[in-house]
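Visitor: everything below, folded, please.
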Amino acid sequence: MKFDEVCQRLRDYETERNSRFALLPEETAREVYQHIVTTRARDCLELGTAFGATTCIMAAAVDEIGGGTVTTVDQIVR
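Guide: As a prediction, the model looks like this:
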């Protein structure tokens, strides 16, 4: 999935639910996406998931290169 498409889907999701969640600045998100595409990283790890928006960016990049795995880990506070 292309970068602009995943960003639009995240914006649409926010609009549909009338809510906001933490997104990386677009320039930073684009750098993450481009790094994965450029290096053809098929195994990616995200630490600190929060709302999952960056995970979506990473997954779109992995999809763009033909597939792989994005693993995401977040601390559960009880």
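Visitor: now the one residue sitting closest to the centre of the chain: how far from Ile76?
Guide: The central residue of the chain, meaning the one whose C-alpha is nearest the mean C-alpha position (Cα atoms, centre = their mean), is Ile57 at 2.3 Å. Noted for Ile57: a distance of 23 Å to Ile76, by Cβ to Cβ, to the nearest Å. Where C-beta positions appear, they are placed from N, C-alpha and C, glycine not excepted.
Visitor: now for the residue nearest to the centre of the chain: which residues touch it?
Guide: Counting by Cβ atoms under 8 Å, 6 or more residues apart in numbering, Ile57 touches Phe3, Val6, Cys7, Leu24, Ala29, Val32, Tyr33.
Visitor: run the last query once more with 6 Å
Guide: Applying Cβ atoms under 6 Å, 6 or more residues apart in numbering, we find Ile57 in contact with Val6, Ala29, Val32, Tyr33.
Visitor: got TSV for those residues, with pLDDT too?
Guide: As requested, the contacts of Ile57 are arranged in TSV below (pLDDT from 0 to 100):
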residue	pLDDT
Val6	94
Ala29	92
Val32	96
Tyr33	97
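Visitor: top of those by number of neighbours, please.
Guide: Counting neighbours by other Cβ atoms under 10 Å, Tyr33 leads the contacts of Ile57 with 23 neighbours.
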